[in-house]
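Engineer: Kindly return the folded structure for what I paste below:
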Amino acid sequence: MSLRLGQIVDALGGSLEGASADTQIQRIAPLETAGEGDLAFLNNPRYQSQLAASRAACVIVAPAMRAAALARGACIVTDDPYAYFARVTQLWVRAQGQAPVPGIHASAVVDAQARVHPTATIGPLCVVERGAVIGAHTVLKSRVTVGERCRVGARCLVHPGVVIGADGFGFARQRGEWIKIEQLGAVRIGDDVEIGANTCIDRGALEDTVIEDGVKLDNLIQIAHNVHIGRHTAMAGCSAVAGSTRIGAHCTIAGAASIVGHLQLADNVHVSTNTVVTHSIARPGQYTGVFPMDENSKWEKNAATLRQLYKLRERIKALEQARQGDQSATQQ
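Structural biologist: Here you go, the predicted model:
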């Protein structure tokens with residue numbers, strides 16, 4: 001299977017320079033390993049040395065890298081090479097006929113009271129329970145479960161093993177025992193959402209858990225009951241959000257980060273990897289709470305020091321108060 005450079009530019013725009021529109025592309029490849037017949041891209045100027053050495057038939061570059069790319073060979077010039085590369089991959093999949101085929105797999109179980117749009121794709125061993133709604137052109141890969149009354153919008157992609165609408169973790173304690181709180185809400189997922197493999201989104205206790213349009217969730221993420229995630233927020237693998245937390249729009253949550261319950265994060269908040277968010281964040285920005293890795297012996301000494309910080313703080317306060325007392329006595 002191949003695509004002509006002219007087909008790519010006709011479909012996606014950009015300026016083809018240094019090559020014929022009839023040049024055939026056999027593969028999309030990384031810049032450093034691309035060979036003849038391959039299309040690559042350069043997004044970061046730091047890798048300009050790889051551009052000069054690349055054997056790719058054509059390289060997607062920004063206008064600032066045009067001269068360097070032409071000195072090497074053919075290029076497609078576009079304002080955002082990374083986004084252009086993403087769209088090329090989509091074009092490639094469509095051209096190969098790999099696009100999902102609408103319909104319900106024979107092994108899937110879809111309740112008679114569920115509503116699945118005729119253009120949706122329900123993969124092998126999926127379960128769509130009573131009252132659930134699956135929107136247009138949405139794809140459920142294998143072994144996806146969509147619980148009762150949960151809604152998945154249009155053009156969503158849900159990867160294998162995802163569970164949407166399991167019960168949230170809700171219990172009341174009485175005399176040392178746990179009494180289950182029935183989870184009466186559901187899950188509402190907007191349009192153009194992608195959910196990675198084995199991610200779990202719990203239904204709400206009373207109101208719905210909400211995932212707004214354009215959200216991207218990686219693999220192995222836990223979204224607890226009554227969480228609300230704003231549009232176009234992205235979360236990396238193994239991150240987790242506890243119940244009733246509200247995350248704004250256009251946020252990023254890095255891998256293994258955790259957000260405790262009942263908090264609010266403003267729009268455009270970016271949480272670094274392994275950070276534990278323990279209080280609400282009202283201002284946009286980057287937030288980090290990671291104790292740096294070190295040699296174990298040094299780390300143990302630093303950790304021991306950290307355990308003494310409160311005592312050291314109290315000693316410093318006492319010394320400052322004593323000094324202020326001495327200064328007052330001297331002035332008198």
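
Engineer: mind checking which helix or strand of this protein has the lowest mean pLDDT?
Structural biologist: Every helix and strand of the chain was ranked by mean pLDDT, DSSP states H and E. The lowest is helix 309-331, at a mean of 83.

Engineer: Just give me how far it sits from the chain centre.
Structural biologist: In this view, helix 309-331 has its centroid 49 Å away from the chain centroid, taken as Cα atoms, centre = their mean, to the nearest Å.

Engineer: helices and strands around that helix, which ones?
Structural biologist: If you count contacts as 3 or more Cβ pairs under 8 Å, 6 or more residues apart in numbering; DSSP states H and E, helix 309-331 packs onto no helix or strand. From N, CA and C alone the C-beta is placed, and that goes for glycine too.

Engineer: Below-threshold pLDDT in this protein: ranges please.
Structural biologist: Within the chain, the stretches with pLDDT under 70 are 326-332.

Engineer: Would you map the helices across it?
Structural biologist: 5-12, 48-53, 66-72, 81-95, 296-307, 309-331 (DSSP state H).

Engineer: Can you add mean neighbour count and distance to Gln24 and give these back as TSV?
Structural biologist: As requested, the helices of the chain are exported to TSV (neighbours: other Cβ atoms under 10 Å; distance: least, Cβ to Cβ, whole Å):
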stretch	mean neighbour count	distance to Gln24
helix 5-12	17	8
helix 48-53	14	21
helix 66-72	15	19
helix 81-95	15	12
helix 296-307	10	55
helix 309-331	9	64
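
Engineer: quick one, phi psi at Ala112?
Structural biologist: phi -60, psi -20 (degrees, to the nearest 10).

Engineer: State the distance from it to Ala132.
Structural biologist: Ala112 sits 11 Å away from Ala132, taking Cβ to Cβ, to the nearest Å as the criterion.

Engineer: quick one, which of the two is more surrounded?
Structural biologist: Ala132 (25 against 5; other Cβ atoms under 10 Å).

Engineer: My understanding was that that one contacts Ala114; is that so?
Structural biologist: Yes. Ala132 is within contact range of Ala114, at 4.5 Å (criterion: Cβ atoms under 8 Å).

Engineer: Which residues are in contact with each of these two?
Structural biologist: Common contacts of Ala132 and Ala114 (Cβ atoms under 8 Å, 6 or more residues apart in numbering): Val146.

Engineer: Next, the angle from the least confident helix or strand of the chain to helix 296-307.
Structural biologist: Per axes from the mean of the first three to the mean of the last three Cα atoms, to 10 degrees, the angle that helix 309-331 makes with helix 296-307 is 50 degrees.

Engineer: Can you dump the C-alpha atoms of helix 309-331 in CSV for me?
Structural biologist: What follows is helix 309-331, C-alpha atoms only, in CSV (Å, rounded to 0.1, in the frame of the first residue of the first chain):
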residue,chain,number,x,y,z
LEU,A,309,11.1,19.8,59.5
TYR,A,310,8.2,20.6,61.9
LYS,A,311,10.5,20.4,65.0
LEU,A,312,13.1,22.6,63.2
ARG,A,313,10.4,25.1,62.3
GLU,A,314,9.3,25.3,65.9
ARG,A,315,12.8,25.8,67.1
ILE,A,316,13.4,28.6,64.6
LYS,A,317,10.2,30.3,65.7
ALA,A,318,11.2,30.1,69.3
LEU,A,319,14.7,31.5,68.5
GLU,A,320,13.1,34.4,66.5
GLN,A,321,10.7,35.2,69.4
ALA,A,322,13.6,35.1,71.9
ARG,A,323,15.6,37.4,69.7
GLN,A,324,12.7,39.8,69.3
GLY,A,325,12.4,39.8,73.1
ASP,A,326,16.0,40.6,73.6
GLN,A,327,15.8,43.4,71.1
SER,A,328,12.8,44.9,72.9
ALA,A,329,14.6,44.7,76.2
THR,A,330,17.6,46.4,74.8
GLN,A,331,15.5,49.2,73.3
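
Engineer: Identify whichever of the helices of the chain lies nearest to Met235.
Structural biologist: For the helices of the chain, distance to Met235 was read as Cβ to Cβ. The smallest value, 18.5 Å, belongs to helix 81-95.

Engineer: what's the angle from the closest one to helix 5-12?
Structural biologist: Orientation of helix 81-95 against helix 5-12 (the same axes, to 10 degrees) gives an angle of 110 degrees.

Engineer: Identify all contacting residues around helix 81-95.
Structural biologist: With Cβ under 8 Å, 6+ apart, helix 81-95 has contacts from 1, 3, 8, 11-12, 14, 28, 39, 41-43, 60-62, 76, 78, 99.
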